[in-house]
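need a 3D model of the following:
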Amino acid sequence: APPDVPIKAIFAANFPGSGTKMLWNLIEALTGLPTADEWGYNYADGTAVAIKTHYPHASGHLPEYAEEVPRAIMLLRNPKYTFASLHNFVYEFRNNLP
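Reported below is the predicted structural model:
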């Protein structure tokens, strides 16, 4: 059930290849609340506990609503294991691939 009061969401920021999906699933499982998405920004109704994002953000700057989000969790992994994932992430973004 949605909370009675609006939630101050956090950013759940991850470097691509760091276990992004795992962190998002853990947040939802532990809180019982949904996570929102930085692209659709489906957080506006105040029911999301975290806003999923990659760091660095693909646009190169903070989202417009960043001032509304006072906290963040950032998950990092050894860079030598994440470079291939970052390369794929950037390639897919630049080429408008799903």
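
give me the element F11 is part of.
strand 10-14 (DSSP states H and E).

sorry, slip of the keys, the one I care about is Y91.
helix 79-94.

and the angle from that helix to strand 10-14?
110 degrees (axes from the mean of the first three to the mean of the last three CA atoms, to 10 degrees).

for helix 79-94, list every residue counted as buried.
For helix 79-94, a neighbour-count test (16 or more other CB atoms under 10 Å) marks 82, 85-86, 89 as buried. Every residue, glycine included, has its C-beta placed from N, CA and C.

re the thing from before, quick one: name whatever helix or strand follows the strand holding F11.
Downstream of strand 10-14, the next assigned helix or strand under DSSP H and E is helix 20-31.

what about the strand holding F11, average pLDDT?
Regarding strand 10-14, the rounded mean pLDDT is 85.

got the end-to-end distance for stretch 8-23?
End-to-end distance for stretch 8-23, by CA to CA, to the nearest Å: 18 Å.

cool, stretch 69-84 as well?
The straight-line separation of the ends of stretch 69-84 (CA to CA) is 30 Å.
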